[in-house]
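Trainee: I need the structure of the sequence given here:
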Amino acid sequence: MLASYQHTYEFEVRDYECDLQGIVNNANYQHYLEHARHKFLISANIDFAALSQRGVNLVVVRVEIDYLFPLRSNDRFVVASNPIPVSRVRFGIEQAIFRVPDHKPIVTAKIIGAVMDANGRAIRPPPELAIMFPKPAA
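Mentor: Numbers count the residues shown, from 1 in each chain. Below you'll find the predicted structure:
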């Protein structure tokens, strides 16, 4: 399953990310997913900060997460990412977290984003972003 993703990024759970049960707090998974998405964009030569400076803002409008198995302190894991078609003005990234080294599935997620101008209006993705994301079926 891991080989079917375009981008992967490895992390290690830090003690302070765990709750009283000794497992990663659910909110931290969103931090892992977000950081991996930024690394995915960088790997495609898309500079998130530079887009923002141009008044092109990538915003998350929907997050779906399925928690399958908990991570614990010092666990190593990989966040895998794939672009998915959504619409002409929205883009999607399918993500999954796998524990290392056994590749046990931890989380599956679908992130839907939109591109907004400096005034908060939805705009079409700039060319560098449009190239990265597949076109939705007509």
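Trainee: which helix of this protein spans the most residues?
Mentor: When the chain is parsed with DSSP state H, its longest helix is helix 26-43.
Trainee: okay, buried residues for it please.
Mentor: For helix 26-43, the neighbour count (16 or more other CB atoms under 10 Å) marks 28-29, 32-33, 36-37, 40-41 as buried. The way it works is simple: take the backbone N, C-alpha and C, and place the C-beta from them, glycine included.
Trainee: tell me the SS of A49?
Mentor: helix (DSSP: H, G, I helix; E, B strand; the rest coil).
Trainee: I'd like the distance between A49 and V115.
Mentor: Distance of A49 to V115, given as CB to CB, to the nearest Å: 15 Å.
Trainee: quick one: which of the two has more around it?
Mentor: V115 (20 against 8; other CB atoms under 10 Å).
Trainee: after the host helix or strand of that one, which helix or strand is next?
Mentor: Secondary structure assignment for V115, by DSSP states H and E: strand 105-116. Using DSSP H and E, the helix or strand that follows strand 105-116 in sequence is strand 122-123.
Trainee: who's in contact with that next one?
Mentor: 56, 89, 114-117 (CB atoms under 8 Å, 6 or more residues apart in numbering).
Trainee: pLDDT on the longest helix of the chain, on average?
Mentor: Here helix 26-43 scores 96 as its mean pLDDT.
Trainee: residue numbering should commence at 31 henceforth.
Mentor: Understood, numbering begins at 31; the last thing we discussed is helix 56-73.
Trainee: now do it: which elements does it pack against?
Mentor: Where contact means 3 or more CB pairs under 8 Å, 6 or more residues apart in numbering; DSSP states H and E, helix 56-73 is packed against strand 37-42, helix 78-83, strand 87-97, strand 106-115, strand 120-130, strand 135-146.
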